[in-house]
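> Just to be clear, the model below is a prediction. Sequence and coordinates:
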Amino acid sequence: GLVVLGVGLLRKQPEGFKGYRLLPILLVGALFLDLVLSEGRSPLDAEAQAAVALRNFHEAAQKHATPEAVPVEARVLQPIVDALGTPPYRLRGVQVPSYALQVRRNCEGPARDASGTRPGTLLYCVASDGKQAWVTLVGLPAEVRFGAPGLFSTRGEPRFSVVRARSPEENDAEPAIELELPEVDSDGEAASDSP
């Protein structure tokens, strides 16, 4: 396109020369192609996507917690995992298709070992009393772009969230009271309904 435009300018072609139209047509076509090809990409990097998935799982699991215990059954947790979408990781050059869940029981803290698990696996470690669970994600450390899967971490510290059994106060809490405020006219005085 640039060559045709340059030749047209050097030969002093008239304004009707069709070569002058070629460059704008190619630019518009390239922009359209770029939009089509970038449609499936996320604007977030892998670290941000992993953090969002970890937070979303935590928030949804917390909603299923009761005053007695946190959820531990796969039938409750698996729909939450399925709703997370696709992990931002590749395994041997192939996109990991979905998040996975591994429930571990009688834990004393977040998982520290991710051996034998694939990227995109949520490790849900439930305490022996069942009142809390630590959630970690198998992926890559935030500072690493390629390598063997490990715990999702930042500066060597695994990132995790804690799901806790709800306190009885949370279940018995009064709903927020909605107050009806008087309408205020432009002079700053309360408007009355009477004439």
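All right, it came through fine.
> so where is this protein shaky, pLDDT-wise?
18, 20, 38-44, 142-144, 147, 168-195 (pLDDT under 70).
> can you give me the strands for it?
In the chain, the strands defined using DSSP state E lie at 90-91, 94-95, 100-107, 121-127, 132-139, 150-151, 153-154, 157-158, 160-164.
> isn't residue 124 right up against residue 133?
Yes: if you go by CB atoms under 8 Å, residue 124 and residue 133 touch, sitting 5.6 Å apart. For glycine as for every other residue, the C-beta is placed from the backbone atoms N, C-alpha and C.
> Quick check: neighbours shared by those two?
61, 72 (CB atoms under 8 Å, 6 or more residues apart in numbering).
> which of the two has more neighbours?
Per other CB atoms under 10 Å, whichever of residue 124 and residue 133 has more neighbours is residue 133, with 30 against 26.
> Now for the more buried one: which residues touch it?
Residue 133 neighbours (CB under 8 Å, 6+ apart): 61, 70, 72, 107, 124, 125, 126, 127, 162, 163.
> pretty sure the fourth one is touching residue 134, no?
Yes: Residue 107 is within contact range of residue 134, at 6.5 Å (criterion: CB under 8 Å).
> So these two - more neighbours on which side?
Higher neighbour count among residue 107 and residue 134: residue 134, with 21 against 17, using other CB under 10 Å.
> That one bridge partners, please.
With DSSP bridges applied, residue 134 shows beta-bridge pairing to residue 125, residue 162.
> any idea how far residue 77 is from it?
Distance, residue 134 to residue 77, using CB to CB, to the nearest Å: 14 Å.
> Could you do residue 31 as well?
44 Å.
> If you count surrounding residues, which of these two has more?
residue 77 (23 against 10).
> Could you measure from the more buried one over to residue 65?
11 Å.
> where do the contact lists of those two overlap?
If you check residue 77 and residue 65 against CB under 8 Å, 6+ apart, the residues they both contact are residue 71.
> Which residue ranges of this structure form helices?
Counting by DSSP state H, the chain has helices at residues 2-10, 19-37, 46-63, 74-82, 168-172.
> which one of those helices lies closest to residue 120?
Smallest distance to residue 120 across the helices of the chain (CB to CB): 8.4 Å, for helix 46-63.
> what helices or strands is the closest one leaning on?
Judged by 3 or more CB pairs under 8 Å, 6 or more residues apart in numbering; DSSP states H and E, helix 46-63 is in contact with helix 74-82, strand 121-127, strand 132-139, strand 160-164.
> Mind doing that once more with 7 Å?
Helix 46-63 makes packing contacts with helix 74-82, strand 132-139, strand 160-164 when contacts are defined by 3 or more CB pairs under 7 Å, 6 or more residues apart in numbering; DSSP states H and E.
> For the first one, C-alpha coordinates in PDB please.
Backbone C-alpha positions of helix 74-82 (Å, rounded to 0.1, in the frame of the first residue of the first chain) are rendered in PDB as follows:
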ATOM      1  CA  ALA A  74     -18.400 -31.600  46.100                       C
ATOM      2  CA  ARG A  75     -22.000 -31.100  45.100                       C
ATOM      3  CA  VAL A  76     -22.000 -27.700  46.800                       C
ATOM      4  CA  LEU A  77     -18.500 -26.600  45.700                       C
ATOM      5  CA  GLN A  78     -18.200 -27.900  42.100                       C
ATOM      6  CA  PRO A  79     -20.800 -25.500  40.700                       C
ATOM      7  CA  ILE A  80     -18.800 -22.700  42.100                       C
ATOM      8  CA  VAL A  81     -15.700 -24.000  40.400                       C
ATOM      9  CA  ASP A  82     -17.500 -24.500  37.100                       C
END
